[in-house]
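Predicted model and sequence below, questions to follow.
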Amino acid sequence: MPPETLSHAEPAVAPFPENYFLDNFALRTDKSALINTVASFPANYFLENLAVRADNSVLVTAMNQKELWYVPATARIGTVTPILLHTFEELTWSFNEIEPDVFYLTTSNVYTNHESSLHRIDLRKWSPGEAIQPQKVLDFPKDASFLNGSCLIGPRTILVADSVGLIWRVDLPKDGSTPSVRSWLHHDEARTARHQRCALRREAWISLLHRDGKKALHACEDQPGDFGRSGRARACFSGAHGG
């Protein structure tokens, strides 16, 4: 817009009363927040996502441990001991409550073979202390690589973000059977950039393996990535050094 046009533009009409934001901000900053420790997890746990149930208990995914945890409801001040509910075959990411106490959890091996799944968890008749029975209802297509966040956008429709440049749409049947899944939004540039970064990372690791194989082997196995914790580090080490 030319400067002369901008100078004569009509002033915008404020959608809120004057000083609305300032007044409300002042109300929120005149008291400090009260933060209490509710539960503690072991060291090196990556808590990825949570869902608060109707009774104020919490479900928590420990992504790097492939686990789902239960945190009992607690009083305003006090701590509780989290309870491990289940260990999955893939890394645990996000989940959505489709109906009261019925959750759908996404799992994805984003650092290794990229296999990704959707699990149905029905807690309607579950009581703390009992084992849960997750039901794997869907294996995502091979194009799925890095499932991360998800959200419920309709009564039985979930969108799942794939960090390589995809958003998947999952439609859930009422009877809990196999959902339908399709690519809802695709961004080719993001996918291309991701593959380029992976190629560069592989070249860097191989170069390091040739220079200092033992050091690189330990680094690969200790770090999550295209080689780490998948057996590829040792295979690459063997291929580079003939052993």
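It's in.

Relative to G165, how far out is T157?
Using Cβ to Cβ, to the nearest Å, T157 is found at 21 Å from G165. Bear in mind the C-beta positions are built from the backbone N, C-alpha and C, glycine included.

Looking at the two, which is more packed in?
For T157 against G165, the residue with the higher neighbour count under other Cβ atoms under 10 Å is G165, and the figures read 18 against 15.

Please look at the more buried one and H186 and confirm they touch.
Yes - proximity of G165 to H186 meets the contact threshold set by Cβ atoms under 8 Å, at 6.7 Å.

I'd say R120 and S177 touch.
No - with the criterion set as Cβ under 8 Å, R120 and S177 do not qualify as a contacting pair; they are 9.4 Å apart.

Can you work out which residues contact both of those two?
Overlap between the contact sets of R120 and S177, as judged by Cβ atoms under 8 Å, 6 or more residues apart in numbering, is given by V137.

Please identify which of the two sits among more neighbours.
Regarding R120 and S177, a neighbour count based on other Cβ under 10 Å identifies R120 as having more, with 19 against 10.

check which helix or strand covers the more buried one.
Assigning secondary structure by DSSP states H and E places R120 in strand 116-122.

From the contact counts, what lies against that strand?
Counting by 3 or more Cβ pairs under 8 Å, 6 or more residues apart in numbering; DSSP states H and E, the packing neighbours recorded for strand 116-122 are strand 102-108, strand 135-139.

mind checking which of the ones you listed is nearest N49?
Between N49 and the helices and strands packed on strand 116-122, the shortest separation by Cβ to Cβ is 8.8 Å, and it involves strand 102-108.

mean confidence for the closest one?
Here the mean pLDDT over strand 102-108 is 95, rounded to a whole number.

repeat for stretch 155-171
For stretch 155-171, the mean confidence score works out to 90.

ends of that stretch, how far apart?
The stretch stretch 155-171 measures 9 Å between its terminal residues, going by Cα to Cα, to the nearest Å.

Please identify the buried residues of that stretch?
Buried residues in stretch 155-171, counting neighbours by 16 or more other Cβ atoms under 10 Å, are found at 158-162, 164-166, 168-170.

Of those, which belong to strands?
Secondary structure defined by DSSP state E assigns 158-162, 166, 168-170 of these to strands.

Nothing else from me, thank you.
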